[in-house]
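Engineer: predicted model, plus sequence, below.
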Amino acid sequence: MILRLTLIITLLTLSVRAFSQIQIQGYVRDENSKGIAFANVYIENTVDGTSTDENGHFVLETEEKGSVTLIASFVGYKPFSITSDVSKLNNLAINLKPDLTNLNEVVVTAGSFQLKGGSNLEKKNAIDLVTAAGSEGDLYKSITNLPGAQISGTDGKLQVRGGSSYETQTYIDEMHVMSPYTSMPANTAVRGRHSTFIFDAINFSTGGFSPEYTQSLSSVLPLSTKDESTITKIGASLTSVGLGTGGTKSWDKGSASFDVNYTNLEPYTKLIFPDEKPDWDKYYQGISAANQFRFKLEDKTYLKTYFTYEKTLFKKRETPAFSNIDRKLDFDEDNLYLNSTFKKRFTNGINYFAGVAYSWNKKNINNARVPNDLFKSDESELHLKTKAEKRFSSLYKLAVGTEALVRKYEMTYMDEKSIERKVNHNIEGLFFSNDFNLSDKLLLNASSRIEYASLDKSFALLPRIALNYNIKKDIVLSAVAGKYQQTSPNENLIYNNHLSQENTTQYILSAQNTITNYRVFRVEVYHKKYNKLTTIYDDFYHSDGHGYSQGVDLMYKDGFRTGNKQSLEYMLSYSYNDSKRKYAEYNKKVTPPFVTKHNASVILRYSNEKLKSIIGVTNRFASGRAYHNPNLPGVMNETTPAYNSLDVSWTVLAHKRLIIYASASNILGRTNIYGYDYNPNPNTSGRYEAKPIKSYQNNFFFIGFFWTLSGKVAYDPATF
């Protein structure tokens, strides 16, 4: 299959006819006239772009004619732009100036990664994030390659620093997303519901996050959509798993965008995995629609509304381990998310924000656990938030805000008898943050959150403090300490809706050395202390669990030119985690089955501008996870084999209006084991037989064609 994908892309690439091109050359330097390596240089509203070499020199080829706008940008510097006839843009000497306003806003670097958008990385390419092999175009899979994120189990959800997936929360435009993942059959990795391409800024916080983000014990993923979209365009996509269309209509003071996608795994599964045909009565199908309106009401005043709906259907044969009873899992899900946000910067320097978000998810599952049963759930969340911030001087900034979460959950399970349960509750919070620039090298943040939870009628004070110290320009030390809390999941609350709020106290120390403009080394150590975790014993749910998670994360990132039109970027990351907790049915502290002690990844990305191609290679490794073997004494007494996956991808700008993207995961075909199911009854020898828990499919192959149907800009899969 890999050879077939490679052949298709190669033939399409070779078939692209040559165009007459104009070369734009020049240098990009900093305020000290030192060349800036890997600065982005591109022509606005086109896909024509390049990056500077180690000396700051660039050569950009374009087919544009007449007047164009050339932009040069790099993290921490103000973007440079020049508008001129393209034939006159040559031998340019571009000097970028530091963005002092932006630098003053940087308070804490510990436990945070900025991936794109606000950092101005890779603006020349619409699909920069998915070119990391193994991502398969999915935001959450891309993030698992970063230090702090652990290799997840068979469900593919994001797990951070010894925490389970429910301990990480997603926000869009600062508003909470209740259900960020798609639903998939058992032992199949989920995907994010929201396309990576709609976001202008993606930040991944592994800990120590702001008090304005709530209900998370481990980490948060804040995502921001664009305030403005000035390009009118429409496009279409055809992939190995479905098809889609989308576009944007732009006008003077705003824009409207839409995106519609249909997914059907039947053709893909029948072609690649024909042996699975007996498992399916109805192959996985999904349809999603998204819409966003943006309005610029006046200068620095924006109103945005984002809406998405998704329908998921499948009917699949499920056979539990050591059982001869088959059932046809008949799954039907509806998911909706809507948010509306308003933000304004007043002339007195106050930044004001107000937002409302509504999440709704409904499931109907026939044959959910045993044949002829029925499971129904209906869950919703209303999120209200407002905040204001102002920098009173170069030494001090204050932010205050308040928010409320109103949650409802109802479930019905019908077998021989009918069980109905519901949980309705609300969470209110008041938060404030103080930023002190104590000197040009020392920054202090003192913040807190006061939160009320109606379930256990509790008030909590959740203080946080953070320090940044610049030893010198290129070395930053950071320290963070803070307390965080989260409500127990619904599957626990339906049995005891008076459970306490689970909480953690986090301590983080971080050091980062920016050796050059692109080369970065980072080390971070952390300790998390858990309290009031949910436990289950004597057929009742309690809040007396506790535990810890501690470790170290390492990252080294670099890149270099391998030729005038070629570059190689790479990132090495390693995470060590030691976790134990008393929780769920475990009456003493154990290593949870979702924790992997050692995690490492190597990411390579080779760019060849002449061939208009980006080739990605990723290798991910994780040590085995703990599981309980009833044949041995003790609890959680065994470890699975190590995890390893080698992934590749190829992105080709085959034409100014056509992008081709192909990827293949786990190309070596390794069978990764995530645990074992044991027969509840011993055999004649007195031993309990085991069956491995593994992914339903060992590999995933993907190829997609993305066309621009109007305009000059290459189509990206969301077109937002």
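Structural biologist: Perfect, thanks for sending it. Bear in mind the structure is a predicted one, so any value in this text is a computation, not a measurement. Numbering: from 1, shown residues only.

Engineer: ok, Met152 - contacts?
Structural biologist: One correction, residue 152 is Ser, not Met. By Cβ atoms under 8 Å, 6 or more residues apart in numbering, the contact list for Ser152 reads 144, 158-159, 165, 189, 594. No exception for glycine: its C-beta is placed from N, CA and C like everyone else's.

Engineer: per-residue confidence at it?
Structural biologist: Ser152 carries a pLDDT value of 86.

Engineer: now name the helix or strand holding it.
Structural biologist: When elements are assigned from DSSP states H and E, Ser152 belongs to no helix and no strand.

Engineer: below-threshold pLDDT in the stretch 451-600 of the chain: ranges please.
Structural biologist: When the per-residue scores of the stretch 451-600 of the chain are filtered using pLDDT under 70, the ranges that remain are 516-518, 564.

Engineer: what sits against Glu310?
Structural biologist: The contact partners of Glu310, taken as Cβ under 8 Å, 6+ apart, are 182, 193, 286-289, 333-336.

Engineer: next: Lys582.
Structural biologist: By Cβ under 8 Å, 6+ apart, the residues touching Lys582 are 533, 535, 544-547, 588-590.

Engineer: now do Lys141
Structural biologist: For Lys141, counting by Cβ under 8 Å, 6+ apart, the contacting residues are 134-135, 156, 189, 191.

Engineer: equivalent analysis for Ser164, please.
Structural biologist: Contacts here follow Cβ under 8 Å, 6+ apart; on that basis Ser164 touches 592, 594.

Engineer: helices of the protein, start to end?
Structural biologist: 2-15, 100-104, 139-143, 266-272, 490-493 (DSSP state H).

Engineer: related to what we said a few turns ago, farthest pair in the contacts of Lys582?
Structural biologist: Using Cβ to Cβ, the two most remote members of these are Asp544 and Val590, lying 15.2 Å apart.

Engineer: between the two, which one's more packed in?
Structural biologist: Val590 (21 against 13; other Cβ atoms under 10 Å).

Engineer: let me know the closest of the contacts of Lys582 to Pro278.
Structural biologist: With Cβ to Cβ as the yardstick, the closest approach to Pro278 among the contacts of Lys582 comes from Val590, at 38.1 Å.

Engineer: how many other residues sit next to the nearest residue to that closest one once chain neighbours are set aside?
Structural biologist: Using Cβ to Cβ, 6 or more residues apart in numbering and skipping residues adjacent in sequence, the residue nearest Val590 is Met636, 4.2 Å away. Residues within reach of Met636, counting by other Cβ under 10 Å, total 18.

Engineer: check Arg620 too.
Structural biologist: Going by other Cβ under 10 Å, the residues that sit close to Arg620 add up to 22.

Engineer: if you count neighbours, what's buried in stretch 495-502?
Structural biologist: Applying a neighbour-count criterion of 16 or more other Cβ atoms under 10 Å, the buried positions in stretch 495-502 are 496-497, 499-502.

Engineer: my error: substitute stretch 309-317 in the last question.
Structural biologist: By neighbour count, with 16+ other Cβ under 10 Å as the criterion, the buried positions of stretch 309-317 are 309-310, 312, 314-316.

Engineer: can you put these in TSV and add pLDDT and distance to Leu221?
Structural biologist: Formatted as TSV, those follow (pLDDT from 0 to 100; distance: Cβ to Cβ, whole Å):
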residue	pLDDT	distance to Leu221
Tyr309	97	21
Glu310	97	19
Thr312	96	22
Phe314	96	27
Lys315	96	32
Lys316	94	30
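
Engineer: how far is stretch 336-352 from where the chain is centred?
Structural biologist: Its chain's average C-alpha position is 23 Å from that of stretch 336-352, according to Cα atoms, centre = their mean, to the nearest Å.

Engineer: what does it contact?
Structural biologist: By Cβ under 8 Å, 6+ apart, stretch 336-352 touches 172-175, 177-179, 193-194, 297, 300-310, 353-361, 383, 386-391.

Engineer: using CSV, list the CA coordinates for it.
Structural biologist: Once non-C-alpha atoms are left out, stretch 336-352 reads as follows in CSV (Å, rounded to 0.1, in the frame of the first residue of the first chain):
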residue,chain,number,x,y,z
LEU,A,336,-23.5,19.9,18.9
TYR,A,337,-21.3,22.7,19.9
LEU,A,338,-22.0,26.5,19.7
ASN,A,339,-20.1,29.4,21.1
SER,A,340,-20.4,33.2,20.7
THR,A,341,-17.7,35.6,21.9
PHE,A,342,-17.2,39.3,22.1
LYS,A,343,-14.0,41.1,22.7
LYS,A,344,-13.1,44.8,22.7
ARG,A,345,-10.0,46.9,23.5
PHE,A,346,-11.1,50.3,24.9
THR,A,347,-9.1,53.5,24.4
ASN,A,348,-8.2,53.4,28.1
GLY,A,349,-6.3,50.1,27.6
ILE,A,350,-8.9,47.8,29.0
ASN,A,351,-9.4,44.5,27.2
TYR,A,352,-12.9,43.1,27.7
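
Engineer: for the protein, what's the longest strand?
Structural biologist: Of all segments of type strand in the chain, defined using DSSP state E, the longest is strand 540-563.

Engineer: tell me the strands beside that one, with direction?
Structural biologist: Each strand that pairs with strand 540-563, with its direction, by DSSP bridges: strand 520-537 (antiparallel), strand 566-582 (antiparallel).

Engineer: check what pLDDT the residue nearest to Val590 gets.
Structural biologist: Reading off the per-residue confidence, Met636 sits at a pLDDT of 93.

Engineer: ok, it - contacts?
Structural biologist: With contact taken as Cβ under 8 Å, 6+ apart, Met636 is in contact with 586, 590-591, 593, 626-628.

Engineer: looking at these, spot the one nearest Leu60.
Structural biologist: Pro593 (51.1 Å).

Engineer: what number of residues lie near that closest one?
Structural biologist: Using other Cβ under 10 Å as the criterion, Pro593 is surrounded by 17 other residues.

Engineer: show me where the stretch 51-200 of the chain has strands.
Structural biologist: 57-62, 67-73, 80-85, 92-95, 112-116, 149-150, 159-160, 168-172, 175-177, 199-205 (DSSP state E, counting those that start in this stretch).

Engineer: that older thread, select only the buried ones of the contacts of Glu310 in ChimeraX?
Structural biologist: Once 16+ other Cβ under 10 Å is used to decide burial, the buried members of those can be selected in ChimeraX as follows:
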select :182,193,286,287,288,333,335,336
